[in-house]
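A.B. asks: From the sequence below, what's the structure:
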Amino acid sequence: MSRGSSAGYDRHITIFSPEGRLYQVEYAFKAIKTSGITSIGVRGEDSAVLVTQRKVPDKLLDPTSVTSMFRITDFIGCVETGMIADARAQVQRARQEAAEFRYKFGYEIPVEFLSRRIADKSQVYTQHAYMRPYGVAMMLIGIDDEHGPQLYKTDPASYYVGYKACTAGAQDQEAQNFLEKKLKHEKKLNFDDT
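C.D. replies: Prediction:
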């Protein structure tokens, strides 16, 4: 076979390879890595911070219009790393989920619940042949009334989990190693350290 190891298993999202891999999901992770942007999130005792790069792909673009940081609500923000069109669609969905939650229950959506809902929607994109997974990793931060600062990350495979610090993007492994060294000695970060 001349197609290599994938041999047609990457044509639909619902076809597993003999090794048990879904190539379309792996391609979504590759899109995050090849975006050329590295994003970092850190949670402290009383604050949470997201940092990302801004790369303007064309000299004719207005640099103020290029961003991967978004406000979901007045209390929740996010950074999207990967394909910007997919990011905007996922942010729009997150805003809709947050607004529906606020309307239905009368208080702001918790960050953990919002990240679970986004991950649930991402999981649907791995089930149907007429859809493809979003090529973005979403990091959400917010201050919860009960639990304090929150930092969650979701990925195209619909995995979500809370972090003390996390990275996504082009050089995420180097950034992850740096954060592990930094946080190894400092268990709790105050506002200035965060």
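A.B. asks: Can you show me the helices along this protein?
C.D. replies: Counting by DSSP state H, one finds helices in the chain at the ranges 23-33, 84-105, 111-124, 172-185.
A.B. asks: elements contacting the longest strand along the chain?
C.D. replies: The strand spanning the most residues in the chain, taking DSSP state E as the definition, is strand 136-144. Contacts defined by 3 or more Cβ pairs under 8 Å, 6 or more residues apart in numbering; DSSP states H and E place strand 136-144 against helix 23-33, strand 38-43, strand 48-52, strand 76-82, helix 84-105, helix 111-124, strand 148-154, strand 165-169. Yep, even glycine has a C-beta here, placed from its N, CA and C like the rest.
A.B. asks: Repeat the analysis, applying 6 Å as the threshold.
C.D. replies: Judged by 3 or more Cβ pairs under 6 Å, 6 or more residues apart in numbering; DSSP states H and E, strand 136-144 is in contact with strand 48-52, strand 76-82, helix 84-105, helix 111-124, strand 148-154.
A.B. asks: Indicate which one of the ones you listed is closest to Gly36.
C.D. replies: Shortest separation from Gly36 across these is recorded for strand 76-82, at 9.9 Å, computed as Cβ to Cβ.
A.B. asks: hey, which helix or strand in this structure has the poorest pLDDT?
C.D. replies: Ranked by mean pLDDT, DSSP states H and E, the helix or strand of the chain with the weakest confidence is helix 23-33, at a mean of 84.
A.B. asks: got the angle between it and helix 172-185?
C.D. replies: Helix 23-33 runs at 70 degrees relative to helix 172-185, counting by axes from the mean of the first three to the mean of the last three Cα atoms, to 10 degrees.
A.B. asks: got the buried residues for helix 23-33?
C.D. replies: Within helix 23-33, the residues that qualify as buried by neighbour count (16 or more other Cβ atoms under 10 Å) are 23-29, 31-33.
A.B. asks: Present those as a markdown table; the columns should include distance to Ser17.
C.D. replies: Formatted as a markdown table, the entries for the buried residues of helix 23-33 read as follows, by distance: Cβ to Cβ, whole Å:
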| residue | distance to Ser17 |
| --- | --- |
| Tyr23 | 7 |
| Gln24 | 11 |
| Val25 | 11 |
| Glu26 | 10 |
| Tyr27 | 13 |
| Ala28 | 16 |
| Phe29 | 15 |
| Ala31 | 19 |
| Ile32 | 21 |
| Lys33 | 20 |
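A.B. asks: one step back: tell me which of the helices of the chain sits nearest to Tyr152.
C.D. replies: For Tyr152, the closest of these is helix 111-124, at 3.8 Å, according to Cβ to Cβ.
A.B. asks: Report the buried residues of that closest one.
C.D. replies: 111-112, 114-119, 121-123.
A.B. asks: so how far is that helix off the chain centroid?
C.D. replies: Using Cα atoms, centre = their mean, to the nearest Å, we find the averaged C-alpha position of helix 111-124 to lie 11 Å away from the chain's own average C-alpha position.
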